[in-house]
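[1] here is a sequence with its predicted model. Questions after.
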Amino acid sequence: MLSMKSVSKSYQHRGKTITALYDVTLAIPKGDFVAIVGPSGSGKSTFLLMFGGMLSPASGSVQVDGQSLYDMNSEQRAVVRREKIGFVFQTFNLVPYLTALENVQIPLFLADLSEEEQKIRAAALLERVGLGDRIDHKPSELSIGQQQRVALARMLANDPPIILADEPTGNLDPENAESIQEFLKEANDEGRTVVMVTHDMRAAQVARRTLRLVDGKILNGTHN
Amino acid sequence: MKLKTFVWREIFERKNQLVTSFVAILLGISVIVAVKNITFYSEKAVARELDALGANILILPKSASLQDYYGADMQEEEFPEEYVTSLAMSDIQGLDNISPKLSVPVELGGKQFTLTGILPTNEFQAKAAWQGAGIFSRPENCGTVEVPGILAAPTKETLVRERVISTLEEDEALVGADVGATLGVKEGDSLTLLGKDFSIIAVLPATGTVDDSRVFAHLHTVQPLAGKGSVLNAIEILGCCNEISKGLVQKINSLLPDAKVVTITQIVDTQVKTNQMMAKLSLLFLAIIVLVGGASIANYMYSNVFERRKEIGTLMALGAGSRVVLKMFLLKALALGIAGGIAGYVLGTVIAVIFGPRIAGVIVLPMASLALWALGVAVAISLLASYFPARQAARLDPATALQEM
Ligand SMILES: Nc1ncnc2c1ncn2[C@@H]1O[C@H](COP(=O)(O)OP(=O)(O)OP(=O)(O)O)[C@@H](O)[C@H]1O
Ligand SMILES: [Mg+2]
């Protein structure tokens, strides 16, 4: 369960105050699949980072499973991310000097799993996203679609109950985008809570409901 | 995968950027290692030289003036041979070897030479009391300097000076190179000196000192030949270095107030000064490497952190705490320090071994202790210089790092 209570966030930029989120209150129950849509600059990434424990609100509170994220210290928030949250980014953010397998191993390594276990689990995950024959490739030796699939495998590595995806299909062609959406849907079917930012209305269709963010405010949501 | 894997992969992926820092630390360390290595052997050489002289303390008549060690015993005045007994029977510690000498001028083949009376070691050993005084047993870390690889094998050159003449019959003589050349004599020939026949048991190789124009014979033969009693004009003493610093000279002085007691450190003074300068120089280099090498590493690390902020942000999003990030950069600094230290040691040692003989005129051998030193210094510099950049990485705001893209 994810929730925000009266969360506001603004940035100071060259003396001007830019409001990224304004008085947002919402709850996302366990197992939900929410698509966040809205124009560019409306605060979608800000919203997601805040749930990920990486950006503190100016006011209000953010809770993950009843724990107030920003009452914790940063080490404790890192533990929450490690144990509960899987991130995917628009630009994949694979570590360029590590192989596909090693990239998927990162969360497992951070969770202190043995090397043996890391390898077995990472290989199984890459198999699951259809990259069983590409485990030794570096990101630069993979196609764009394959890179995002490595990122998806990495997202699932620690079996997180919550998935936060920031425009995961933004850089992909429709065919690849569709397979990513399917994959997220699959993850949701397994019981994971998925929050996906997108500006693609078709991508939003796979979600159970869609929330619109405009100028940092949540507008009426729609249920699919 | 371990943290190590991260560090290795990253280093090898971007090794070109590391080169400058690596070279800075490599050169700095190698210069200091080379200077230290050469200095060490140069100091050893001084010590060995002192040792090879056969003595480092001279007892001379009160009026003697000391200009040249090798000619120091050619004095007009004399003192009684009993001084030797006084020394041997005294409780003064650190008298490793005592060699009494009496020198008198002789004319041979129209040239002036010197006849020097010496005592062979068996004469000392015969005197139980002296042996009891521990003259021939050297305390450890005293006296002869052992240099690994260089065997201080007694050569003919050092035969007399290194007191290895164990036996010398009363009619035997050793002649210096000049004497041998002038008279055209060789081993086994005989020689008449002051009316006495001697058989030559060795012609000593040239040393470039007044020793070349000496004839060495038994002290107790020379004394009556010269028409003198039991007198000497010099006693050469090999004193233990430790004891010298503890005031051996003063002790001898108070035992023999009528004699002049001098050390011969003046003779090797210039070399000692060079060594001191080298030691200061290596300190200066150390300061430079700390500044230049440290600045270069810090600069590299800061730009590395800046360049990798997206990666750091991603790792943090995946659950890395600041401690892991800090460790990651410090481990990299450690790797850089170890590599720089080892490479610097190897290069410095090669430089020292090749150029040492040319610069300092000594044979230089690798020193394992310098490897530890180089490693310690390089690692310390690298870690210190990287600490603030690493801390900056650990404190990076993941949101900013991810949003910037
Ligand atoms: N670090 C920052 N400093 C100043 N302003 C910022 C910063 N980060 C975001 N903003 C501003 O906050 C607003 C919300 O940004 P955010 O990245 O959340 O938008 P977004 O909805 O994700 O947009 P996009 O669809 O283009 O990714 C924007 O107007 C942006 O310019
Ligand atoms: Mg965004």
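    Everything's here; your move. Ligands and ions are numbered 1, 2, ... in the order given.

[2] just the helices in the stretch 151-300 of chain B please.
    For the stretch 151-300 of chain B, the helices defined by DSSP state H, counting those that start in this stretch cover B:177-183, B:219-225, B:241-245, B:248-255, B:269-307.

[3] out of those helices, which gets nearest to ligand 1?
    Closest of the helices of the stretch 151-300 of chain B to ligand 1 is helix B:269-307, at 16.4 Å (criterion: CB to the nearest ligand atom). The C-beta positions use only the backbone N, C-alpha and C, and glycine is treated the same way.

[4] which element follows that closest one toward the C-terminus?
    The element immediately downstream of helix B:269-307 (helix or strand, assigned by DSSP states H and E) is helix B:309-317.

[5] export the helices of the stretch 151-300 of chain B to JSON lines and tack on distance to ligand 1, mean pLDDT and mean neighbour count?
    Formatted as JSON lines, those follow (distance: least, CB to the nearest ligand atom, whole Å; pLDDT from 0 to 100; neighbours: other CB atoms under 10 Å in any protein chain shown):
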{"stretch": "helix B:177-183", "distance to ligand 1": "89", "mean pLDDT": "87", "mean neighbour count": "19"}
{"stretch": "helix B:219-225", "distance to ligand 1": "97", "mean pLDDT": "90", "mean neighbour count": "19"}
{"stretch": "helix B:241-245", "distance to ligand 1": "69", "mean pLDDT": "68", "mean neighbour count": "16"}
{"stretch": "helix B:248-255", "distance to ligand 1": "77", "mean pLDDT": "85", "mean neighbour count": "17"}
{"stretch": "helix B:269-307", "distance to ligand 1": "16", "mean pLDDT": "85", "mean neighbour count": "16"}
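
[6] got the buried residues for the helix or strand hosting residue B:386?
    In the assignment (DSSP H and E), residue B:386 maps to helix B:368-394. By 16 or more other CB atoms under 10 Å in any protein chain shown, the buried positions in helix B:368-394 come out as B:370-371, B:373-375, B:377-379, B:381-383, B:385-387, B:389-394.

[7] restrict those to those near ligand 1?
    The subset of the buried residues of helix B:368-394 within reach of ligand 1, by CB under 6 Å from any ligand atom, is empty.

[8] mind listing residues that contact the helix or strand where residue B:7 lies?
    Residue B:7 belongs to helix B:3-13 when elements are defined using DSSP H and E. For helix B:3-13, contacts defined as CB atoms under 8 Å, 6 or more residues apart in numbering or on different chains pick out A:96-98, A:102, A:109, B:18, B:308, B:324, B:327-328, B:331-332, B:335.

[9] before we move on, the earlier item: for the helix or strand following the helix holding residue B:386, name the packing helices and strands.
    Using DSSP H and E, the helix or strand that directly follows helix B:368-394 along the chain is helix B:398-403. Secondary-structure packing of helix B:398-403 (3 or more CB pairs under 8 Å, 6 or more residues apart in numbering or on different chains; DSSP states H and E): helix A:44-51, helix B:309-317.

[10] hmm, helix B:398-403 touching ligand 1?
    Yes - remark: helix B:398-403 sits within contact range of ligand 1 at B:400, B:403, by CB under 6 Å from any ligand atom.

[11] in that helix, which residues are buried?
    In helix B:398-403, counting by 16+ other CB under 10 Å, buried: B:398, B:399, B:401, B:402, B:403.

[12] helix, strand or coil for the residue positioned nearest the centre of chain B?
    Nearest residue to the geometric centre of chain B (CA atoms, centre = their mean): residue B:44, 1.1 Å. Three-state call for residue B:44 (DSSP: H, G, I helix; E, B strand; the rest coil): helix.

[13] helix or strand: which one has the closest residue to chain A within chain B?
    Per CB to the nearest CB, residue B:319 is where chain B lies closest to chain A, at 2.7 Å. Using DSSP H and E, residue B:319 falls within no helix or strand.

[14] is stretch A:145-165 anywhere near ligand 1?
    No - figure legend: stretch A:145-165 not in contact with ligand 1 (CB under 6 Å from any ligand atom); closest approach 12.4 Å.

[15] the closest residue in space to residue A:102 that isn't next to it in sequence and residue A:74, how far apart?
    For residue A:102, ignoring the flanking residues on the chain, the nearest one in space by CB to CB, 6 or more residues apart in numbering or on different chains is residue B:1 at 5.5 Å. In this view, residue B:1 and residue A:74 are 23 Å apart by CB to CB, to the nearest Å.

[16] would residue A:20 count as being in a strand?
    Yes - the assignment for residue A:20 is a strand, going by three-state DSSP.

[17] does it touch residue A:13 like I think?
    No - when contacts are counted by CB atoms under 8 Å, residue A:20 is not listed as touching residue A:13 (10.5 Å).

[18] which of those two has more neighbours?
    residue A:20 (23 against 8; other CB atoms under 10 Å in any protein chain shown).

[19] which residues touch that one?
    A:9, A:10, A:11, A:43, A:46, A:216 are the contacts of residue A:20 under CB under 8 Å, 6+ apart.
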